[in-house]
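Engineer: Pasting a predicted model and its sequence here:
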Amino acid sequence: MAVLHSGETIPASAIAAELKEPAKASSLDDGEEPVSLSAAVERHLTKYFAEHGDRLPPPGLYDRILQDIERPLLSILSGGDAR
């Protein structure tokens, strides 16, 4: 929140806007119903962990998630390509 809002304080309206239920995303390419970002991430992680069976995935999952989500977000926010 501090990164998104300049100034000494963060207005209550900004906090409320950040905490509200996320809007549904547009339809997926495979014709499935629209999903939220959190539902899409959860579905992806469920498949990812299932591929590893009883084993844990290799280290670095958190960093990979940050890279896969943060880079497109920064790209959209900056109006360009963050690659």
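Structural biologist: Right, received. Where do you want to start? Numbering: from 1, shown residues only.

Engineer: Quick one: list the elements packing against the strand or helix carrying Leu73.
Structural biologist: Using DSSP states H and E, Leu73 maps to helix 61-78. Under the contact definition 3 or more Cβ pairs under 8 Å, 6 or more residues apart in numbering; DSSP states H and E, helix 61-78 sits against helix 37-51. Backbone N, C-alpha and C define where each C-beta goes, glycine included.

Engineer: where does this structure have low pLDDT?
Structural biologist: For the chain, the stretches with pLDDT under 70 are 1, 3-4, 21-34, 80-83.

Engineer: so what's Arg43 closest to, chain neighbours aside?
Structural biologist: With sequence-adjacent residues excluded and distances taken as Cβ to Cβ, 6 or more residues apart in numbering, Arg43 is closest to Val35, at 7.4 Å.

Engineer: I'd say that neighbour and Val41 touch.
Structural biologist: No. Counting by Cβ atoms under 8 Å, Val35 stays clear of Val41, with 9.6 Å between them.

Engineer: just to revisit the earlier point, so how many other residues sit close to the residue nearest to Arg43?
Structural biologist: By other Cβ atoms under 10 Å, 16 other residues sit near Val35.

Engineer: just Tyr48 next, same as before
Structural biologist: 13.

Engineer: List the contacts of it.
Structural biologist: Contacts for Tyr48 (Cβ atoms under 8 Å, 6 or more residues apart in numbering) come out as 57, 61.

Engineer: Relative to Gln67, how far out is it?
Structural biologist: Distance from Tyr48 to Gln67, counting by Cβ to Cβ, to the nearest Å: 15 Å.

Engineer: Which helix or which strand is home to Pro59?
Structural biologist: Under the assignment here (DSSP H and E), Pro59 is part of no helix and no strand.

Engineer: For the remainder of this discussion, apply numbering that starts at 7.
Structural biologist: Noted, 7 is the first residue going forward, which turns the last one into Pro65.

Engineer: rewinding a little: report the secondary structure state of the residue nearest to Arg49.
Structural biologist: Here Val41 is recorded as coil under DSSP: H, G, I helix; E, B strand; the rest coil.

Engineer: What distance do you get for it to Ala56?
Structural biologist: Distance, Val41 to Ala56, by Cβ to Cβ: 18 Å.
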